[in-house]
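J.: predicted model and sequence follow; I will ask about them next.
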Amino acid sequence: MALLDIKVPDIGDFEEVAVIELLVKPGDMVRAEQSLITVESDKASMEIPSSQAGVVKELKVRLGDKVKEGSVIVVLESEGAIVAPQAASALASAAPAPASAAPAAPAATGSVEIRVPDIGDFKDVAVIELLAKPGEAVKLEQSLITVESDKASMEIPSSAAGVLKELKVRLGDKVNIGDVIAVVEAVAAASAAPAPVSAAVGVTPVPVAAPTPAPAVTAVPAHQPGGASAGLPHASPSVRKFARELGVPLNEVRGSGPKGRITAEDIQKFTQSIMTGTLQTKAQAAKAPAGGSGVGLDLLPWPKVDFAKFGPIERKELSRIKKISGANLTRNAIMIPAVTNHDDADITELESFRISTNKEHEKSGIKVTLLAFLIKACVAALKKFPEFNSSLDGDALIYKQYWHIGFAADTPNGLVVPVIKDADKKGILQISQEMSELAKKARDGKLGPADMSGATFTISSLGGIGGRYFTPIINAPEVAILGVCKSQMEPVWNGQEFVPRLILPLSLTWDHRVIDGAAAARFNAYLGQILADFRRVLL
């Protein structure tokens, strides 16, 4: 018995690659150049073929193992040493066979159902590629379909050679072991007479099975590199997931890997081409106005202007804060369907209380601002309307059971948003002190990531600068933000006469995917009631 070690051949510059598919199992007969395993690096996946024909004696690798050039992956029993089991035990006392033997009878022909073989523990795997179509000639072990689970993709081969009569599955169908996937009209010629072998007296020798010859019709390869696929493009599960995350249409990406397989690098290059405007997807090309490069949004290209030709200029690079916040603000402004409600709050009594509070605590060094009261009032409103204290997570809404309030702070380098943690558990004086400390850290450029993370709701206050109303941009993943402008005295009708009242303009911007107009109006009205009579915070 001859045993052969099948090793990983030269696979280029890859040091170690992971085994992601086992394409054979012990006892399987394999042909020379038949694929044994599939391996994947961070750039590509490839199938490792057998350098010899024979029967798989032992698999030396498992899913997830790392292999490299020279690693033994399979032990084969060479084809020349294989005899039928019922004859093997009698070889020691064998008598010579007749000088000639009649040729074997022609193999049967007819319709053969091709079923899903043993694919391990996978159940209900999805059909993601159809690699052949009715009327095509198929070879023995030629792949007919590709299926994919949440962990791996694998090709299902034909167990018979012939002409594909019917495909029993469609893209997206779920299949399991034993399911019929195709019907093949089998075509087989008579097998040649075997070479004489020794056999036990009274025992009919069983010849080594010869590979079934392919039909006379030319077979079509399972994949044509660079050509159009009959179904979805050829790519590994990790690459498909990568493409889904980026929103890349796989059928428009040209694969550079083996058999035209799309690699992660192909996805990256395609994305870069889209973002730079050098390439458009078919959907973009269909929607974009004539002459425009949408850069993913079907917008006209950003204007390129030589400002110096109109007069003197000075160029200054954006600060790091503005670069980071600018990217976030652009994303939030584009992706969130935002609506703004404007309302007014009467803070006449609240302002009197704030002034008297500051006088009482003048020696402590703590200065109470209106923003501290706004934070406390917003916590009360968020508890009454919990959807404003939530975040979208796919198709679910995450309701947070904590109240961390962010407040926009203006610094010489740009806008930052420190966060008052657990504002519901703190009093006005403590909130005022923390705000003062965080604002100083912001001005000094010493805010850390922990100081600016975890907010569930944000307040953007223009304080005493001026303005009447504005539309603040929501700080994702939050679903609402409150904009506050300068308060001013106004004549208000009390039912009998006009009296001077201090009015605070409120601008509430909210995510329409989570909040509707009626809820936003109620939130703003309730917030105004609290600010008009702060005793409501205790209710």
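T.: Ah, there it is.

J.: helix or strand for the most centrally placed residue in the chain, which one?
T.: Against the mean C-alpha coordinate of the chain, by C-alpha atoms, centre = their mean, the closest residue is residue 245 at 3.1 Å. Using DSSP states H and E, residue 245 falls within helix 237-246.

J.: what packs against the helix or strand encompassing residue 354?
T.: Element membership for residue 354, per DSSP H and E: helix 348-360. In terms of contacts (3 or more C-beta pairs under 8 Å, 6 or more residues apart in numbering; DSSP states H and E), helix 348-360 is packed against helix 370-384, strand 498-511, helix 517-532. Quick note: C-beta positions are derived from backbone N, CA and C, even for glycine.

J.: what's the closest of these to residue 323?
T.: Residue 323 lies closest, by C-beta to C-beta, to one member of the helices and strands packed on helix 348-360: strand 498-511, at 23.4 Å.

J.: ok so, going back, most neighbours per residue, which of the helices and strands packed on helix 348-360?
T.: Highest mean neighbour count of the helices and strands packed on helix 348-360: helix 370-384, a mean of 22 (counted as mean count of other C-beta atoms under 10 Å).

J.: alpha carbons of that one, as PDB, please.
T.: Extracted C-alpha coordinates of helix 370-384, given in PDB (Å, rounded to 0.1, in the frame of the first residue of the first chain):
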ATOM      1  CA  LEU A 370     -29.200  79.200  33.400                       C
ATOM      2  CA  LEU A 371     -27.700  76.100  31.700                       C
ATOM      3  CA  ALA A 372     -27.500  74.200  35.000                       C
ATOM      4  CA  PHE A 373     -31.300  74.700  35.400                       C
ATOM      5  CA  LEU A 374     -31.800  73.700  31.700                       C
ATOM      6  CA  ILE A 375     -29.900  70.400  32.300                       C
ATOM      7  CA  LYS A 376     -32.000  69.600  35.300                       C
ATOM      8  CA  ALA A 377     -35.200  70.500  33.500                       C
ATOM      9  CA  CYS A 378     -34.300  68.400  30.500                       C
ATOM     10  CA  VAL A 379     -33.700  65.400  32.700                       C
ATOM     11  CA  ALA A 380     -37.300  65.700  34.000                       C
ATOM     12  CA  ALA A 381     -38.600  66.000  30.400                       C
ATOM     13  CA  LEU A 382     -36.500  63.000  29.200                       C
ATOM     14  CA  LYS A 383     -38.000  60.900  32.000                       C
ATOM     15  CA  LYS A 384     -41.500  61.900  31.000                       C
END
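
J.: that one packs against which elements?
T.: Against helix 370-384 (3+ C-beta pairs under 8 Å, 6+ apart) you get helix 348-360, strand 405-407, helix 428-443, strand 457-461, strand 480-484, helix 517-532.

J.: quick check: what element follows that helix along the chain?
T.: strand 390-393.

J.: just the CA atoms of the helix or strand just after that following strand, as CSV, please.
T.: Later in the chain than strand 390-393, the nearest helix or strand by DSSP H and E is strand 396-399. This file holds the C-alpha atoms of strand 396-399, laid out as CSV (Å, rounded to 0.1, in the frame of the first residue of the first chain):
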residue,chain,number,x,y,z
ALA,A,396,-34.5,48.4,17.4
LEU,A,397,-34.7,51.3,19.8
ILE,A,398,-32.4,51.3,22.8
TYR,A,399,-34.0,53.1,25.8
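
J.: report the strands that pair with strand 396-399, each with its relative direction.
T.: Strand 396-399 pairs in its sheet with strand 390-393 (antiparallel), by DSSP bridges.

J.: now do the strand it pairs with, average pLDDT.
T.: For strand 390-393, mean pLDDT is 95.

J.: how far does it sit from the chain's center?
T.: Relative to its chain's centre, strand 390-393 lies at 18 Å (C-alpha atoms, centre = their mean, to the nearest Å).

J.: how about the CA coordinates for it, as PDB?
T.: C-alpha atoms of strand 390-393 as PDB (Å, rounded to 0.1, in the frame of the first residue of the first chain):
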ATOM      1  CA  SER A 390     -33.000  56.600  23.200                       C
ATOM      2  CA  SER A 391     -30.800  55.500  20.300                       C
ATOM      3  CA  LEU A 392     -31.500  53.600  17.100                       C
ATOM      4  CA  ASP A 393     -29.800  50.200  16.700                       C
END
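
J.: list the buried ones in that strand?
T.: 390, 391, 392 (16 or more other C-beta atoms under 10 Å).

J.: quick one: contacts for the first one?
T.: Counting by C-beta atoms under 8 Å, 6 or more residues apart in numbering, residue 390 makes contact with 397, 398, 399, 400, 479, 514.

J.: for the last one, helix, strand, or coil?
T.: Spelled out, that is residue 514. Under DSSP: H, G, I helix; E, B strand; the rest coil, residue 514 falls in the coil class.

J.: so it touches residue 477, yeah?
T.: No - look at residue 514 against residue 477 with C-beta atoms under 8 Å: they stay out of range, at 10.6 Å.

J.: list the buried residues in stretch 240-251.
T.: Buried residues in stretch 240-251 (16+ other C-beta under 10 Å): 240, 242, 243, 248, 250.

J.: that one: how far from the chain's middle?
T.: Put simply, stretch 240-251 sits 8 Å off its chain's centre (C-alpha atoms, centre = their mean).

J.: got it, and stretch 407-417?
T.: The chain centre lies 33 Å from the centre of stretch 407-417; the measure is C-alpha atoms, centre = their mean.

J.: outside of it, which residues touch it?
T.: 319-322, 325, 371, 375, 406, 418-420, 435, 438-439, 442-443, 445, 447, 452, 455, 458-461, 475.

J.: now do the contacts for residue 525.
T.: Counting by C-beta under 8 Å, 6+ apart, residue 525 touches residue 343.

J.: where's residue 38, which helix or strand?
T.: Assigned by DSSP H and E, residue 38 belongs to strand 35-40.
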